[in-house]
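Trainee: one predicted model, sequence on top.
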Amino acid sequence: MKICVFASGTGTNFKAIIDSIKKGYLRSKINLLISNNPNCNAVKIAASHGINFEIISNQLYKTIPQKELARIFLKILKKHKSDFIVLAGFMKFIPVEVVNKFRNKIINIHPALLPLFGGKGMFGINVHRAVIKSGVKVSGITIHFVNEIYDEGRIIFQKCCNVTSNDDEFTLQKKIQKLEHKYYPDIIKKFEDRKIKVREDKVWVS
Ligand code: GRF
C-alpha cells in the first residue's frame, strides 16, 4: 500500500510504522505525511526520514469552505498516489469527501476502548484522566475505520490493559502507547495481507 499518514503531534505512532517498514515487517511505503502543524515533531520525523510532507494549515481550515478543503486534500493525495490513510494523532476534522473517497481505507487509533471515552475533547492525556476518574479496571486501544462521525467508525481491533490502583493518567498513557506501537503496525500488516473483512456492519480480522 502507499500510505499517507495524517499527524499533528509527537508522531510516536508514525515513527513506529516507519520502523516496521524499515525492519521489513511491513511491505507498504509511507509516501506522504499530512499535518496541520508545520512545527510538530511528526513533521520533523518525516523530514529526517526523507518522507514527503504537506501542510494544511489551521489558517486554511479557518478561512476556506469545507468543499474547497476537501479538494485540496484529494488533490494532494492524488498527486502522491496514496491509496491508504492512517491517522496517527491528527487533530483536525477530515472533510467528508475524503472519508467517502477512502471508505474502508482510512483508519484511526484511539487510546481507549471505544465506544467509551471517545468524542469531543477526548484526546491525549484527557482520555486517560477520564478513564482513571471513572474507576474502570481496564482500558486499552481501539483501531477503527474512520467515518463521518468522530470516533464512531466500525471497530477493527481492540486490545486491553489493566488499570491498577498504582496507575495515574501518566502511567496509563505509557501502557497504552506500548500497545499502540505494537498493534498499529500489526493491523496495517493485516490490511496488506487482506485479512480484514468487512461484512455488513462488522469487521473481522483473521
Ligand atoms: C495516540 O495516543 C493515538 O491513540 C491518538 O493520538 C495519539 C498520537 O500520539 N489518536 P503520537 O503523536 O503518535 O505519539
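Mentor: The structure has been received and is ready for your questions. Numbers count the residues shown, from 1 in each chain.
Trainee: make it CA atoms for all contacts and neighbour counts henceforth
Mentor: OK.
Trainee: mind giving me the domain split of this protein?
Mentor: Domain assignment for the chain by automatic domain parsing gives 1-102, 110-196.
Trainee: roughly how far is the longest one from the heart of the chain?
Mentor: Chain-centre distance of domain 1-102: 10 Å, with CA atoms, centre = their mean, to the nearest Å.
Trainee: so which elements touch the helix or strand where I30 lies?
Mentor: Assigned by DSSP states H and E, I30 falls within strand 29-35. Judged by 3 or more CA pairs under 8 Å, 6 or more residues apart in numbering; DSSP states H and E, strand 29-35 is in contact with strand 2-6, helix 41-48, strand 53-55.
Trainee: returning to what we had before: so which of the domains of the chain gets nearest W204?
Mentor: Checking the domains of the chain against W204 by CA to CA gives domain 110-196 as the closest, at 5.8 Å.
Trainee: is any part of that closest one close to the ligand?
Mentor: Yes: using CA under 6 Å from any ligand atom, domain 110-196 reaches the ligand at H110, P111, G124.
Trainee: which of those residues ranks first by neighbour count?
Mentor: When these are compared by neighbour count (other CA atoms under 10 Å), P111 ends up highest, at 26 neighbours.
Trainee: which residues does it contact?
Mentor: F123, G124, V127, H128, G140, I141, T142, I176, Q177, E180 (CA atoms under 8 Å, 6 or more residues apart in numbering).
Trainee: so which of those residues are in helices?
Mentor: Within the contacts of P111, residues falling in helices by DSSP state H are V127, H128, I176, Q177, E180.
Trainee: let me have the domains of the chain in a markdown table, extended by mean pLDDT.
Mentor: Converted to a markdown table, those look like this (pLDDT from 0 to 100):
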| stretch | mean pLDDT |
| --- | --- |
| domain 1-102 | 97 |
| domain 110-196 | 97 |
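Trainee: so for K202, which of these sits nearest?
Mentor: That would be domain 110-196 among the domains of the chain, by CA to CA, at 6.8 Å.
Trainee: what's the span of that closest one, first residue to last?
Mentor: 18 Å (CA to CA, to the nearest Å).
Trainee: ok, stretch 52-59 next?
Mentor: Note: stretch 52-59 ends 21 Å apart using CA to CA.
Trainee: tell me the bridge partners for the most centrally placed residue in the chain.
Mentor: Nearest to the geometric centre of the chain sits L87, at 2.7 Å (CA atoms, centre = their mean). Here L87 sits in beta bridges with F6, N108, as judged by DSSP bridges.
Trainee: check contacts around it.
Mentor: By CA under 8 Å, 6+ apart, the contact list for L87 reads V5, F6, A7, I106, I107, N108, I109.
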